[in-house]
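> structure, please.
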Amino acid sequence: MTSRYEDGSADINTLAEVLRIDPLDQTPLYLQVRKVLLNAIKRGVFQADDALPSERTLSELIGISRVTARKAIDALAGEGVIVRKHGSGNYIAPLLEQPLSRLTSFTEELKQRGFKPTSRWLSRVVARALPDELLTFGLSPGAKVVRLERVRMASDVPMAFEYSVLPLAFVPKPEELQDSLYAYLAKQGFLPSRALQHIRASNASPRHAQLLSIAEGLALMDVTRISYLDDGRVVEVTQTLCRNDYYDFVVELRR
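Numbering: from 1, shown residues only. This next block holds a predicted model:
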């Protein structure tokens, strides 16, 4: 029968092998523990929302002090790799790998990976289109657009800040929007068929840092998506500021 620790950690023998410390490594011990834990997470030994072994379990398993185990866990928490839940323990934070070769929504990607996608809406405003928006969407002067601001969540973890602009004709009732913008557009008959994405690095402003529960100035992935309908019309322009500790964009290249 498989042995497990009292706190529900995975098989003892498996963990002992995966979390083995290199005796020749001269870096501080807590950083070595952080490294092996991070490697275990990346290898899938621990899945998103799994409980991380307790300080006591780690100290017994690896042969280190609880102080060292605590410092390693603190380092991972500071990097956003784990999420602390008061009175419950430490849990592996979700990591979203989003392929760049397929047009999907945030909601679709999270559901495929077993996460619960939600949105914390900040604003849903109808306003006159700005001159550059008139040009982008091919609108007539005086036309209106919908501006949407929200924080995208995965299992209650803030993953990204999102700002979208769409012609009012595509989103006639923005108050009816829930978590998936693309699901709403599909019901209206305006689901995008293709998109262009521009990705660059930016730093978190004080506002975005507060919304995403990260330090001000931390590096973010700044993704601008322009989505098109089959007839060539632009249906949305969305800027997404992604936490780089939770997001990984993947593209397959072929010769």
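
> can you map out the strands along the chain?
For the chain, the strands defined by DSSP state E occupy 82-85, 89-92, 96-99, 117-128, 144-154, 157-167, 194-203, 219-228, 234-243, 247-250.

> T136: which of these is closest?
Closest to T136 of the strands of the chain is strand 234-243 (C-beta to C-beta; 5.7 Å). Heads up, the C-betas are built off the backbone N, CA and C, glycines and all.

> buried residues in that closest one?
Within strand 234-243, the residues that count as buried by 16 or more other C-beta atoms under 10 Å are 234-238, 240-243.

> count of neighbours near L31?
By the measure other C-beta atoms under 10 Å, the count of residues near L31 is 13.

> from D22, how far out is it?
Look at L31 and D22: by C-beta to C-beta, to the nearest Å, they are 12 Å apart.

> just the buried residues of strand 234-243 now: which is nearest L61?
R243 (29.8 Å).

> looking at it, the closest one is touching A154, isn't it?
No - if you go by C-beta atoms under 8 Å, R243 and A154 don't touch, sitting 10.2 Å apart.

> P206: which of the buried residues of strand 234-243 is nearest?
Looking at the buried residues of strand 234-243 and their distance to P206, the nearest is L241, at 13.1 Å (C-beta to C-beta).

> test my guess that that closest one contacts S202.
Yes - using C-beta under 8 Å, L241 makes contact with S202 at a distance of 6.9 Å.

> now do the shared contacts for these two.
Residues touching both L241 and S202 (C-beta atoms under 8 Å, 6 or more residues apart in numbering): 220, 222.

> report how many residues lie close to P167.
For P167, the tally of surrounding residues (other C-beta under 10 Å) stands at 23.

> can you pull the contacts of the closest residue in space to it that isn't next to it in sequence?
Once flanking residues are discounted, P167 sits nearest to F137: 5.1 Å by C-beta to C-beta, 6 or more residues apart in numbering. By C-beta under 8 Å, 6+ apart, the residues touching F137 are 129, 143, 145, 167, 233-234.
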